[in-house]
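1. 3D, please:
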Amino acid sequence: MTVGRLAPALGLALASSSVLAGACLSAWPLGGPWACSADQTCAQGYTCDDGVCCKPGGQPACPTLPAPNGNCETGEAKVWFEDRDGDGDGNARVSRVLCRAPLTGGWVLSGTDCDDADLSINLAARETCNGKDDNCDGVIDEGLPGLRPFQRDSDGDGYGEAGTDAYACAAPPGMVELPGDCAPFDPSKFPGGVELCNGLDDDCDGTPDSLETAFGDTGGAWPCLTGRPGICSDGAFACVPQGGGVARQCVSSSTMRRETCNQVDDDCDGMTDEQPSCLGPVSLVGVAGATYSAKRITSTSSINVACQRSTAGVAEPVSANGAVWNGVSPGFHVWAVEVPAGSAWDLSAPNAKLRLTFSASIPSSALAGGAWGNRSLDHPANPVIYVCGDTDGEVIRYVSAAANDLSGNEMSFSSVLMLNNLAGDWVTGRGSGFDTSRVRRLEVMLWNQAGNFTVTFDGASGFFQ
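-> The predicted structure follows:
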């Protein structure tokens, strides 16, 4: 039935103007007297069909809609398919049962178009190398050279899902050539992805964490407390292989180091600024791992500017614990205690002190000018202490200024040296100065003209604060 056949019904409807008025029918827009309004609506009791207000099975008759019994004035209703791309073939998934094709939109009786958004795809098309089913026969790129497998990429991470292979000479829509997606619906997991410490296989290598060596979530964004003391307390989470699997552990962000005098527990032992790393050993006698040596100095060219242990000279006997030193022949002599290999003493604390106490024996107690120096000869009458760094040139030299600490033929010596806040009987002599938080050696130099002598260091000789 065409729109033109509505004319007879028009007269009947207009004859009853009161009915129209009662229906609140709005003024008809352009397009004919029975045209639907701009928003595709009609007066109460009417239906908008193909732009016309009508009554299915009544008057005015509808152009495309069947009557309630399914019949049409033109015969039996048919299934019409939407043809959006205008290629004459409709989409089987979008259909309507109508008496005739609507004037608006594209509707056809064929529903075999497999892609109704592409004019080039239909039953009559020729297959080309584009990853599409051009001729809608259910096969992609058939009969074309260079076919290779593609897989469905549901999560868009660029890797395909196993078992979804389709052969084509170009990537079909939604498919990729790279295989191996172990989590096809999670775009964060794919081959070569960032492994996280989560018990899952984020990089699709078949191993969830346990044998991995690097993880993407173990940096500063994941802080934690290790429960260890000192600088080892602050940490970050890391995945650590454990028992054939993986365990998330809080790993310290700092490596324990040598204890220094800084009011911090550097070596993570629960104690702060403990000796001997801080302040040096309590006793210079029997320091564990230390090396003791003694020499008679044969060249005095550097005694005022450098440490002396490495100076060429004659070795003198010293006991294993460093307590007993036997000097041989007159001249300058030096005794040294060196820290264990790889360690150091931190003597930088403002209140660091050294106590030096020893007894001595000499061949004669009435040596002219005294056994321990001769000031008239500009020889030191008291011990000289060298605090040494990594090299002999890194030195702070302390000289006793007391008039009678060790002079003449005295048989004992005892004095306290304030290393960083000099007061009393000691002054600094010539020397380079250096970072005293890394002291490697302590030396004691004596001048003796009596020939042989024996010095015995008291166990109270050592550092304190």
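
2. Model confidence score at A101, please.
-> Reported pLDDT at A101 in the predicted model: 90.

3. Which helix or strand contains it?
-> A101 belongs to no helix or strand when assigned by DSSP states H and E.

4. what does V314 give?
-> Here V314 is assigned to strand 313-315, by DSSP H and E.

5. Which positions in the helix or strand just after that strand come out as buried?
-> Heading C-terminal from strand 313-315, the first helix or strand you meet, by DSSP H and E, is strand 324-327. Neighbour counts over strand 324-327 (16 or more other Cβ atoms under 10 Å) mark V324, W325, G327 as buried. Placement of C-beta: from N, CA and C, glycine included.

6. re the thing from before, chain center to the strand holding V314, what's the gap?
-> 56 Å (Cα atoms, centre = their mean, to the nearest Å).

7. That one: partners in the sheet, and parallel or antiparallel?
-> strand 291-297 (antiparallel) (DSSP bridges).

8. What distance do you get for A450 to N409?
-> Separation of A450 from N409 (Cβ to Cβ, to the nearest Å): 8 Å.

9. Which of the two has more residues huddled nearby?
-> A450 (19 against 16; other Cβ atoms under 10 Å).

10. Just the pLDDT for that one.
-> For A450, pLDDT reads 82.

11. can you tell me which residues contact it?
-> Residues counted as contacts of A450 (Cβ atoms under 8 Å, 6 or more residues apart in numbering) are P330, I362, P363, S364, L367, A371.

12. Serialize these to CSV and add fields for secondary structure, neighbour count and distance to E161.
-> Shown next, in CSV, are the contacts of A450 (DSSP: H, G, I helix; E, B strand; the rest coil; neighbours: other Cβ atoms under 10 Å; distance: Cβ to Cβ, whole Å):
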residue, secondary structure, neighbour count, distance to E161
P330, coil, 15, 94
I362, coil, 21, 95
P363, coil, 10, 98
S364, coil, 10, 101
L367, coil, 16, 100
A371, coil, 27, 95
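
13. Next, give me the two most distant ones among those residues.
-> Farthest pair in these (Cβ to Cβ) is P330 and S364. Separation: 12.5 Å.

14. Look up phi and psi at the closest residue to L367 other than its chain neighbours.
-> Excluding the flanking residues, the one nearest L367 by Cβ to Cβ, 6 or more residues apart in numbering is A450, at 5.3 Å. A450 adopts backbone torsions of phi -90, psi -10, taken as degrees, to the nearest 10.

15. quick one: A450 and A402, what's the gap?
-> 21 Å.

16. what sits up against the strand holding V314?
-> Applying Cβ under 8 Å, 6+ apart, the set of residues contacting strand 313-315 is S293, A294, K295, R296, I297, T298, S299, V328, S329, V334.

17. In what element of secondary structure is the closest residue to Q249 other than its chain neighbours found?
-> Spatial nearest neighbour of Q249, excluding adjacent residues (Cβ to Cβ, 6+ apart): V240 at 4.7 Å. Using DSSP H and E, V240 falls within strand 234-242.

18. Parallel or antiparallel, list what pairs with that strand.
-> Strand 234-242 is paired, per DSSP bridges, with strand 223-225 (antiparallel), strand 245-252 (antiparallel).

19. Cool, thanks, talk later.
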